[in-house]
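In: Sequence unavailable; structure follows:
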């Protein structure tokens with residue numbers, strides 16, 4: 001029981017972190033879109049930030065999906081007992 005609670009808390013923390021990173025990524029994304037609309041090369045720093053935030057978000061989502069799968073499997077196992 002404690003393990004399930006711990007996994008649920010980890011999932012919540014990961015979701016909050018993803019939301020925070022998505023907000024930060026939106027700033028660099030806006031700069032990239034602005035550069036595209038003005039038909040100029042985007043600033044390398046904006047591109048790097050966007051890629052960095054995107055990579056971190058993808059990693060966190062993979063971790064979250066793994067935890068959710070474990071939680072679901074654990075819940076299924078307990079229901080079948």
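Out: Yes, it's here. Given the structure is predicted, the values throughout are model-derived calculations rather than measurements. Residues are numbered from 1 along each chain as shown.
In: what's the nearest residue to the residue positioned nearest the centre of the chain if we skip its chain neighbours?
Out: For the chain, the residue nearest the mean C-alpha position is residue 57 (3.2 Å; C-alpha atoms, centre = their mean). With C-beta to C-beta, 6 or more residues apart in numbering as the criterion, residue 57 has its nearest non-adjacent residue at 5.1 Å, and that residue is residue 21. Quick note: C-beta positions are derived from backbone N, CA and C, even for glycine.
In: Next up, identify which helix or strand the one you found is on.
Out: Assessed by DSSP states H and E, residue 21 sits inside helix 2-37.
In: Quick one: list the elements packing against that helix.
Out: Contacts defined by 3 or more C-beta pairs under 8 Å, 6 or more residues apart in numbering; DSSP states H and E place helix 2-37 against helix 44-80.
In: what's the angle from the helix it packs on to helix 2-37?
Out: 150 degrees (axes from the mean of the first three to the mean of the last three C-alpha atoms, to 10 degrees).
In: So which bits of helix 44-80 are buried?
Out: 46, 49-50, 53, 57, 60, 64, 67, 71 (16 or more other C-beta atoms under 10 Å).
In: just these now: which is nearest residue 2?
Out: Minimum distance to residue 2 across those is 13.0 Å, recorded for residue 71 (C-beta to C-beta).
In: Just confirm the closest one contacts residue 8, I think it does.
Out: Yes: at 6.8 Å, residue 71 counts as touching residue 8 under the criterion of C-beta atoms under 8 Å.
In: picking that back up, centre of the chain to the helix holding residue 21, how far?
Out: 5 Å (C-alpha atoms, centre = their mean, to the nearest Å).
In: And it, what's buried?
Out: Here helix 2-37 shows 11, 14, 18, 21, 25, 28-29, 31-32 as buried, counting by 16+ other C-beta under 10 Å.
In: This completes my enquiry, with thanks.
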